[in-house]
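Colleague: Pasting the sequence and the predicted model now:
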Amino acid sequence: MSDPFSGMTGLFDFGLSWPAYLFCLLAVFGGTMLQRLAGQGFGMLAAPLVMLVAPDYIPTALLLVGLVVGLSSTSLDYKAIVPQDLPAGFAGRTLGAVFAAMLAASLASAEIFAALVALIVYLGIALSLVGMRVAIRPPALFTAGMTAGIMGTLTAIGAPPMALLYQHVDQRRSAATQNMFFFFGMVVSILALTWQGLVGTRHILFALALSPVVPVALVAAQPLSRRFSKRSIRPAALTLAGLAATVLLLRQFW
């Protein structure tokens, strides 16, 4: 896939035009706001959008940015985290990340990878709309964590399985605990990809170039977090993610 803005002046040595870089900043801004408000949504929105113009940096650079997003979001609501929810989910997420990192090393086709990102967004939307209630117990947390680890490490979209578990839980507990899982997931995914030699200097530099927009988005989201519930945000978030995934998928046939 080529950068649709490729005819314009490039940004440093990232191989991107300035409009493409700004587009990535907007994707990270929107994803960060969703993550802060709902405890999910960063990858579902940002990954397909960044994939449109900077496919070589997915998932690694976005996972690195996710470290900043997850840590910042978690620190704002850490008192609402339920500690006993964490161990089983952490164990599953770690196992899933290790398995996915080994698989990621064999995904050479950009077209296949783009389609995978789009399909995982659709899966995430479907899981969010299911509405089923699953008891938050160690077996469910481990299974959701492992599934999230596979999805997140391959595509930077790992929130949907945990979102399914926490969709009927109190807003603060849901967002805070999911943000904690999100941050931990970013850490283990990056470590697993590093183990497979898939994290390079260019990924780190690009993540640093995108990260300044994160605190801006968090500040912008703060007043909204007191005005909107997760339930009222979810339809808009799912619609945006679905549109982004559809555009990404259609581009494979252009």
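Modeller: All right, it came through fine.

Colleague: Tell me how many other residues crowd residue 224.
Modeller: Using other CB atoms under 10 Å, residue 224 is surrounded by 12 other residues. In short, each C-beta sits where N, CA and C put it, glycine included.

Colleague: Point me to the helix or strand that includes it.
Modeller: Per DSSP states H and E, residue 224 falls inside helix 213-225.

Colleague: mean confidence for the helix or strand following that helix?
Modeller: Per DSSP H and E, the first helix or strand lying C-terminal to helix 213-225 is helix 230-251. Averaged across helix 230-251, the pLDDT comes to 78.

Colleague: tell me which element the most centrally placed residue in the chain is part of?
Modeller: Nearest residue to the geometric centre of the chain (CA atoms, centre = their mean): residue 43, 2.2 Å. Take DSSP H and E as the rule and residue 43 turns out to sit in helix 42-53.

Colleague: Going toward the C-terminus from that helix, what's the next helix or strand?
Modeller: Next along from helix 42-53, by DSSP H and E: helix 60-76.

Colleague: in the helix or strand just after that next one, what counts as buried?
Modeller: With elements assigned by DSSP H and E, the helix or strand that comes after helix 60-76 is helix 86-104. For helix 86-104, the neighbour count (16 or more other CB atoms under 10 Å) marks 86, 88-101, 104 as buried.

Colleague: before we move on, what about stretch 187-198?
Modeller: Buried, per 16+ other CB under 10 Å, within stretch 187-198: 187-190, 192-193, 196, 198.

Colleague: Relative to the whole chain's centre, how far out is it?
Modeller: Offset of stretch 187-198 from its chain centre (CA atoms, centre = their mean, to the nearest Å): 16 Å.

Colleague: Outside of that stretch itself, list whatever touches it.
Modeller: 59-60, 63-64, 67, 93-94, 97-98, 100-102, 104-105, 149, 152-153, 156, 158, 199 (CB atoms under 8 Å, 6 or more residues apart in numbering).
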